[in-house]
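# quick one: sequence plus predicted model below, questions after.
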Amino acid sequence: MAKKSKQSKILPIYILNGPNLNLLGVREPEVYGYTTLAAIEKMCADQAKSHGLAIVFRQSNREGEIVDHLQEARTSGCAVIINPAGYGHTSIAILDTIQALKIPVIEVHLSNIHKREPYRHNSYVSKGATGIIMGLGAQGYLRAVDAVAEILKVSK
Ligand code: DQA
């Protein structure tokens, strides 16, 4: 566990989810799995707690709202984990906001976007991310929480 004195000062990890991820569990489960976003939130909260960390968990179908959430994380978060979903392939605005952050950013994709259609191979978010985890399904979020804890040197 992180030391209590430090723990009380550590800001939450912002875990941000892009468009259509609210449909996880029913949306193309053969690609994205059967785990719902609510279940992923609970798993992430438990994993973060095991490292002495807390989370803020959001989902939005609107690009500008994701920009707002990233800007909020800039001052109120210790790190960002983001699955930008379809916006990862298109949004320079989201990349710009990520590049303005001074905290670690881990990009997560449930599927391996490089094994899929060519239009999914580019991610603008990757160009600003500290690290990228893809193809591990819902587990990828947990590995991203572990990576944040390691980067922040929050020891178990
Ligand atoms: C995704 C991959 C994207 O290409 C897609 O648009 C998504 C989900 C993933 O988690 O695998 O919505 O980000």
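Here it is on my side, so go on. Residues are numbered from 1 along each chain as shown.

# and Gly131, backbone torsions?
Dihedral angles phi and psi of Gly131 (degrees, to the nearest 10) take the values phi -150, psi 170.

# now do Ala129
The phi/psi pair for Ala129 (degrees, to the nearest 10) is phi -80, psi 150.

# hmm, it is touching Glu107, no?
Yes. Using Cβ atoms under 8 Å, Ala129 is in contact with Glu107, at 4.1 Å. To be clear about C-beta, it is placed using only N, CA and C from the backbone, and glycine gets the same treatment.

# contact residues of this structure facing the ligand?
Within the chain, the residues that sit near the ligand (Cβ under 6 Å from any ligand atom) are 20, 83, 85-86, 109-111, 113, 120.

# in strands only, show me the residues you listed.
Among the residues of the chain next to the ligand, the ones falling in strands (DSSP state E) are 83, 109.

# only the buried subset of the residues of the chain next to the ligand, as a ChimeraX command please.
Only the buried entries of these go into this ChimeraX selection, using 16 or more other Cβ atoms under 10 Å:
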select :83,85,109,110,111,113,120
